[in-house]
Structure formats: structure tokens, C-alpha cells
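> Got a sequence here, can you build the structure:
(chains A and B)
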Amino acid sequence: MHGLWLTVLLFQQQAVDVPGFDSNPFTSPSDLAQGEKLYLGRCAGCHGPRGDGGKGANLAVPTLSRAADDKTLWNIIRYGVPDTEMPSSLMAQREIWQVAAFVKSLGAIQSGAASGDPKRGEAVTRGKGGCLQCHAIGSDGGRMGPALTDIGARSGPGHLRAKIVEPQGDVPHTFRLASLRGRDGKTVSGIRLNEDTFSIQIRDMTGGLRSYWKKDLADWKMEKRSPMPSYKGKLSDGEIDDLVAYLAGLRGAKGGER
Amino acid sequence: MRTAACILAASAALSAQVTHERLLDAAREPGNWMTYSGNFAGHRFSPLTQVNDANVSRLKVAWVYTTNSLQKFETTPLVIDGVMYVSEPPSNVVALDTRTGRPLWRYRRPMPPDIRVCCGQVNRGVAALGDSIFIGTVDSYLVALDAKTGAVRWETKVNEYKSGYSVTVAPLALKDKVVIGVAGGEYGIRGHLDAYDAKSGKLAWRFYTVPGPGEPGHDTWAGDSWKRGSAGTWVTGAYDPETDLIYWGTGNPGPDWNGEVRKGDNLYSDSIVALDANSGQLKWHFQFTPHDVHDWDATEVPVLVDGEVRGQKRKLVIFPNRNAFYYVLDRVSGQFLLGKAYAKQTWAKGLDDNGKPIRLPGTFPSIQGTAVWPSVAGANNWYSPSYSPKTGLLYINVREAGSLYFFGEADFKLGEQYNGGGFRAIPGEEEWGAVRAFRPATGEVAWEHKVFSPPYAGLLSTGGNLVFGATSEAQFFALNATTGKELYRFQAGGMVRSNPMSYLSGGKQYVAMAMGNSLYVFGLE
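Numbers count the residues shown, from 1 in each chain, chains lettered A, B, ... in the order given. Model prediction:
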């Protein structure tokens, strides 16, 4: 988390120049191949190797919600998106075009299309799946996990399925599970909201906001594991298909804008 | 009326000139802070003892001065005879009354909209000589101001901002000159260190950190790559009146991460250069990271101490480098005496007998990203270390982190960024930091105080057996200088990218540090 901020802060950019092209001049097969290489190194960590999302937005869509044209896409890659974790990039102009060409090609890739029934999926979400215990959709649900209100805009079906079946892996840094033990032996767990040298702030399992001085704790540890259980075996394959179809259709209040 | 009287009193006190002799004998005036590092030796030590390990728990905020800028506030204030001189981003100066924090005068410099800076329109401080205050500007000028009014005495163009040059460094004033360096290592500049006549603003000498044709070291650059070799000089160096040498660190070679287009050792990037203070002639150099491909500028503050190495008394310069190695050099000859890693590093097997790194294979940037420690911001950076002659310890805010380094195209266009790659955090890797106290001549660690995040702020040690600093979460702290025990802290908010200093006003000791967008000044109740 700190490294990410550092990246943004050390090399914060001011938009000085826009490239001298309105559309992408670097779209040959070799540009796409180079764009993929660059993408895998610098972008895939957040957007997924096939662009179907993760920490970053789902790019495997026919139309990118933030970048309707090539020039806008170039500027987003170059200068980042303010108030999000999308940083600016130090790539050369041509490299940015090559990445942009590859990103646009991702929309044509089918990454595990949703074959289930969204209506049944909604029932699973609110019923057997118990998803709203931890996740919110609109104003319903819990706050222990990331909100799902616009999850379909951020993650493609393939990525959603992977997260449901195998939720371990990349846990967003604002949703790490902390286990704390006081000097009186009492323990408390919750989602870490913030931490520094001297204190830690969590949201406990009842949703309460708590803050502790580290000197008052006997010990504390951060779970590397996600608190989310795997639904493999808990839901049938059909139920998982339905769940994925429902979640993939959640685009937020403003139709896909975050 | 009362305000007017106060200003009059301050102005009267200012009639004393800041002479070279006063700067040399800074230790005799512990109530003032007249140079960036507090003395010429780069110590950032205040002999003041009023605030000490027995009473620091009673420290309180005395006053706060807030800037109008949202840029990083990196300044070290100067305090001279009751007036504090603070540089504000982008390149402004304000004179403050040291007791109340109320402004006395301001210098505001309008900036063109197309300034070229990699890392914010910042400034690290001013210099003082005679009755002038000097500031370098991000549009690449050196400006002399009347210390009493802030009126411009002269301004001299250091270089062309449209070509990627900027000035963010606090100048170093000595003798009758003002020494100043340039930033622009991400724009393919050709770095230099300059000295200007303090009275006229005329260029006295210039030392190019990238040698031109026919000069020694020129052959360490393939083809015409020297023309864009970078090697900025953006952090204030040190001066030793006995050797009459200026010691200054130099920045990364350009482009940062693509070394293919500049084969060779790339002198004098990532080096310390020792220059004759009168002529700017190179006396010796030592390159820490030959052919750097990780952006490890050697723009740290050199610390001058005398000490014993292998039974022999030597005049030393200590250089805790961004590349995670701690160096001890003889500052008369430049001879390498000792070097060892002082933070996690994975790029070198060690240093050879001449101090040259023995590189490990597979550590160069790559298109898919290469994980290497230390991070791009290094184990140390431009923020200041502190040396206390009282404890004999050197204090460094150490960063423990790595980066993924990317190789990319190096496409030079004048005035545009010239990076040849990039970097990001290594996924899943925890980063942290520590204040570490070193025995200067050996690099042995006496104690450490761990902090949650890699720090980005300097340290101040004092005669009161204290070390002041701040965490990246803006917790201003005081540690016991002998043991490292935390004795005081205050949550200031915002980010901290600055160095603390200390001074007397009305006979009372204060400690000042820029945090968030404000300058906080602390004193005992």
C-alpha cells in the first residue's frame, strides 16, 4: 500500500502534453504483442492477465466506461485516475499506445461468459450464499468486505468465478483481517481500516469502529488470508453460474461509473 | 502599534550581517540555524539543551504556519537573529517572527504553467549570506532577496526550464559565493553544480557532472549519451574549511532504467564529488553505483566527521547511500575505507576492496518487472541524517522496501520525460522502516527504533540527548539519543517530506518541522 502511494507521490505528473494523435497509430500485430508484454508487467497485477478485473477495473469489455476514445485511454494510462489507485505511468509515448492497443483488444476476448440465470443468482446472493452478511449491494448488507454494488463494472465473469471458488490471493489492503489480543487476554478480530507505528483501527465483526494503541495490546497480527470462505462444494455448479451472472450485471447506480 | 514595534525590533536585530566567519563558527550561535544542515559539516545537530530527555514529554505546539500550496512542503527553515526564513512551494519565501509565527514579508514568484518536474514543484530551503536570502526556483533561477524586505536584489538564470532543468535544492552560501545545483534527472539534462557571486549574481564557476569531450570520464558514456546524462545535483552538500573542498552528491544517470543507451560507468552520476571551493575544480570523486539502472541517486547529505579507521585517525565523509550501502571515505583523498549494507539489498554480492559493487545477475530492470531491494526510493533518500557529537552517533531514517523495476524504451525529446522504464511496489511484500543509530566510522548499529512505513523525513539530534523526526503517517517524535526510546509524539496529519531544526527565540528553545502543509513549531509550556 505504501509502495503504491509512493509511486504516485514520487512521480506525480501534471498533464503537460497530449500526444499528437487522435487515434492510436501503433496497432500492428507486433505493437499488440509488445503491448501485451508491457501490460503483463505493469497492469496485470491489478487488472488481471486477461483484463477481466481484480483490484483494477474490468477492461475486457467492448466499451471502456472511462475511455470512450483512444486519446482518453492514452491519457488515463499516462496520468492515472485521480482519487483511485490507478497510478500515472512513466512509459514512453509509443509504449503507452501499444498498451492501449492491447487493452482495447481485451474487449474481444471472452473470459468465461456468464451462462447462469441472474434472477436465481440474486436469490443465492441474498439467501443460501449469505453474501450480504459481509458485502453491501446499494444500502443493503454488511461492510466487512468490498461493496458489490458495481462489481460487474470492475470484474468480468471469469474473475468473479475465480474469486467465489478460490477467494484467497489478492486481498485488498483495506480489507485485511486483523486479530488483536489485549493485555487482559481478550481477543477481537476485524477488518483493518488503518495502521501506523503506534496504533491500529479496525471494523469489528459487528460493524463497530474501534481504535487501539499498540502499547495496550499483548499482540496483534494481520491475516494474509482473505476472511472470505470458498464456495466450492457449498454451492452447486449451477448456483455458482447463477451467482456469477447476477454479480456480472451489477453496474452501480450510475450504470457502470465507479 | 505593538505589531509594528515587534517588526522594528526584528529588523534592528537583522543589521548584523551573515558573514562567512559566522557560518564557519555556527556552533557558537546555537540559537540560530544559518545553513540547511545547521553547519557546514552536514550534521543537523543543535547543541541546545533546554528541551531534553527529562522534560520533552511536556513539549507543546507553540505555533503553526500554514501555506496556501498543496504541493509537498519540504523546507528546512533558517533562523537568523530572531527572524525565520521559510521557503514555500513552488518557489516562494516568507519571513516569520520566530516567537509568534506571524509573517514579516513575502516573496511570491509566479510560475509558468509548463514547469518540468518529476516529483512536485517543491523547494527544500533558502541560504543566507551578507544581508541577502537566496532561493532556487523550479523555473530554474537563483534569486537574491533583501533579508529585511524580501525585495529582489538580483536574479540569474541557472538553466532553461523548458529543457527539463529545475532548482529545488537549498543553496549553500560560503565565502562570497552561493553554490547551487539542478534537478531534472528524469528529463535527460546534463547536470552541473554552480557557484554565483553573492553580490552580483554572476556565475563564478560551473562543474559539469557529466564530462564533455576531451575531459576525463567522458569515455564512460557510449556515443553521445553524455549529452543527456542527467546526474543532477539536487541535494545540499557539505563544506570543510580545512580541505577547502565542497562535497556534493550527484543524481541518477539518464534515462533512469534503460542502461542500454548509455553503456559504460556513466561518470559522475551516483557519485560524491569533492570540488575546490574557489574554482569548482574536481579534486576527487567516488562513484557509488556505476552504470545505475535503478534510479539510485547519490543525492544524500554527506556527513563530515573525524574518526579512527583501522587504528588510524582520519578525516572522514560518511555517505549512507540510496543503494543500501553505507560508505566511509577519506575526505582528503577520496579513498574508500569501509562499506557495508545497512538495509535489505538484493542487487550486489558486496563491495570489492575499492568499494565497487559486485553486481548479482538478474537484477537489471526487465519488461516483465524485476524485483530488487532496495526500492526505487532507496534505503535512504534526500532527507537528512543527523550526527550528534555528544553521543558520537549518526542517525538515519532507514527505508526497508523493494520495487519491481521495468525496462522500457528511451525516447529522448527535449523537455520531455526520459525514463526508459518504470517501477511499482512488489505485490504482497510488506514495507517498513527504522530510525537507526550508527557508530559513524564502523557502521555498527547501536540501536534501532522501528516504524510502520518506510520514512521520508529527516532527523535532528540535539544537545538535550534527543533525536527528533516524523513517521510517514505524520507522527512527530522525540527519541532518547542514547537508547532510541520514544519519549514524545504528536500527530500532525498529512504527509511529511522535510527535516526538523531547532532555534532560540527570546531565550526559549523551539523545534520546527514542516508537516502536511504547515510548519509546526514546538516548545516547552
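> how far does stretch B:487-502 sit from the chain's center?
17 Å (C-alpha atoms, centre = their mean, to the nearest Å).
> same thing with stretch A:150-168?
Offset of stretch A:150-168 from its chain centre (C-alpha atoms, centre = their mean): 9 Å.
> Need the distance between the two termini of it.
End-to-end distance for stretch A:150-168, by C-alpha to C-alpha, to the nearest Å: 21 Å.
> Stretch B:409-429 too?
End-to-end distance of stretch B:409-429 (C-alpha to C-alpha): 27 Å.
> how about that stretch against chain A, any contact?
Yes: interface with chain A: stretch B:409-429 contributes B:409-411, B:416-417, B:419-429 (C-beta under 8 Å from any C-beta of the partner chain). Just so you know, the C-beta spots here come from the backbone N, C-alpha and C atoms, and that holds for glycine as well.
> Nearest residue to the residue nearest the centre of chain A in space, please, no chain neighbours.
Geometric centre of chain A, nearest residue: A:K55, 2.1 Å, by C-alpha atoms, centre = their mean. The shortest distance from A:K55 to any non-neighbouring residue, by C-beta to C-beta, 6 or more residues apart in numbering or on different chains, is to A:C46 (4.3 Å).
> and the one you found, that one's in a strand?
No: A:C46: not assigned to a strand; according to DSSP: H, G, I helix; E, B strand; the rest coil it is helix.
> What's the local residue count around it?
18 (other C-beta atoms under 10 Å in any protein chain shown).
> isn't it right up against A:E85?
Yes: counting by C-beta atoms under 8 Å, A:C46 does reach A:E85; the two are 7.1 Å apart.
> got a list of what the residue nearest to the centre of chain A touches?
Counting by C-beta atoms under 8 Å, 6 or more residues apart in numbering or on different chains, A:K55 touches A:G45, A:C46, A:H47, A:E85, A:D170, A:P172.
> for the helix or strand hosting B:D306, which positions count as buried?
Using DSSP states H and E, the element containing B:D306 is strand B:303-309. Within strand B:303-309, the residues scored as buried using 16 or more other C-beta atoms under 10 Å in any protein chain shown are B:V303, B:L304, B:V305, B:G307.
> Name the nearest of these relative to B:G334.
Nearest to B:G334 among the buried residues of strand B:303-309: B:L304, at 13.2 Å, using C-beta to C-beta.
> Not counting sequence-adjacent ones, nearest residue to that closest one?
Once flanking residues are discounted, B:L304 sits nearest to B:A41: 4.0 Å by C-beta to C-beta, 6+ apart.
> So for the one you found, what pLDDT did the model give?
pLDDT for B:A41: 98.
> Which other helices and strands does the strand holding B:D306 contact?
Of the remaining helices and strands, those touching strand B:303-309 by 3 or more C-beta pairs under 8 Å, 6 or more residues apart in numbering or on different chains; DSSP states H and E are strand B:238-240, strand B:312-320.
> related to what we said a few turns ago, now the buried residues of strand B:303-309 as a markdown table including pLDDT?
Output for those, formatted as a markdown table (pLDDT from 0 to 100):
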| residue | pLDDT |
| --- | --- |
| B:V303 | 98 |
| B:L304 | 98 |
| B:V305 | 98 |
| B:G307 | 96 |
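> Following element in sequence after the one helix or strand B:L394 maps to, please.
Assigned by DSSP H and E, B:L394 belongs to strand B:393-400. Of the helices and strands lying after strand B:393-400 in sequence (DSSP H and E), the nearest is strand B:403-407.
> Just the mean pLDDT for that following strand, thanks.
The predicted model assigns strand B:403-407 a mean pLDDT of 97.
> by contact count, what packs against that strand?
Using 3+ C-beta pairs under 8 Å, 6+ apart, strand B:403-407 is in contact with helix A:29-42, strand B:370-372, strand B:421-425.
> Alpha carbons only: can I get it in PDB?
Extracted in PDB, the C-alpha atoms of strand B:403-407 (Å, rounded to 0.1, in the frame of the first residue of the first chain):
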ATOM      1  CA  SER B 403      10.500  -2.400  -6.100                       C
ATOM      2  CA  LEU B 404       9.600  -4.100  -9.300                       C
ATOM      3  CA  TYR B 405      11.800  -2.400 -11.900                       C
ATOM      4  CA  PHE B 406      10.700  -2.200 -15.500                       C
ATOM      5  CA  PHE B 407      12.800  -1.700 -18.600                       C
END
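> mind checking how far B:V79 is from B:Y107?
Look at B:V79 and B:Y107: by C-beta to C-beta, to the nearest Å, they are 17 Å apart.
> For the residue of the stretch 151-300 of chain B found nearest chain A, give me its contacts.
Nearest residue of the stretch 151-300 of chain B to chain A: B:E186, at 7.7 Å (C-beta to the nearest C-beta). B:E186 sits next to A:F11, A:L90, B:C118, B:G164, B:S230, B:G254, B:D256, B:Q417, B:Y418, B:N419 when contact means C-beta under 8 Å, 6+ apart.
> Quick one: those residues as TSV, columns for secondary structure and pLDDT too.
Below are the contacts of B:E186 laid out as TSV (DSSP: H, G, I helix; E, B strand; the rest coil; pLDDT from 0 to 100):
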residue	secondary structure	pLDDT
A:F11	coil	56
A:L90	coil	88
B:C118	coil	91
B:G164	coil	97
B:S230	strand	98
B:G254	coil	97
B:D256	coil	97
B:Q417	coil	91
B:Y418	coil	94
B:N419	coil	94
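> just to revisit the earlier point, from the residues of stretch B:409-429 next to chain A, list the buried ones, please.
When those are checked for burial by 16+ other C-beta under 10 Å, the buried set is B:409-411, B:416-417, B:419-426.
> Farthest pair within these?
Going by C-beta to C-beta, the pair spanning those furthest: B:E416 and B:I426, at 28.4 Å.
> hmm, back to that, for PyMOL, what selects the buried ones among the contacts of A:K55?
PyMOL command restricting the contacts of A:K55 to the buried ones, with burial defined by 16+ other C-beta under 10 Å:
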select buried, chain A and resi 45+46+47+85
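> and the two most separated of the contacts of A:K55?
Once C-beta to C-beta is applied, the contacts of A:K55 give A:H47 and A:P172 as the farthest pair, at 14.1 Å.
> with the buried ones among the residues of stretch B:409-429 next to chain A in mind, which one is nearest to B:F319?
Proximity of these to B:F319 (C-beta to C-beta) peaks at B:F423, which lies at 23.2 Å.
> hang on, the closest one packs against B:G402?
No: the pair B:F423 / B:G402 is not scored as a contact, 9.9 Å apart, by C-beta under 8 Å.
> Pull up the overlap in contacts between those two.
Taking C-beta under 8 Å, 6+ apart as the contact rule, B:F423 and B:G402 both touch B:S375.
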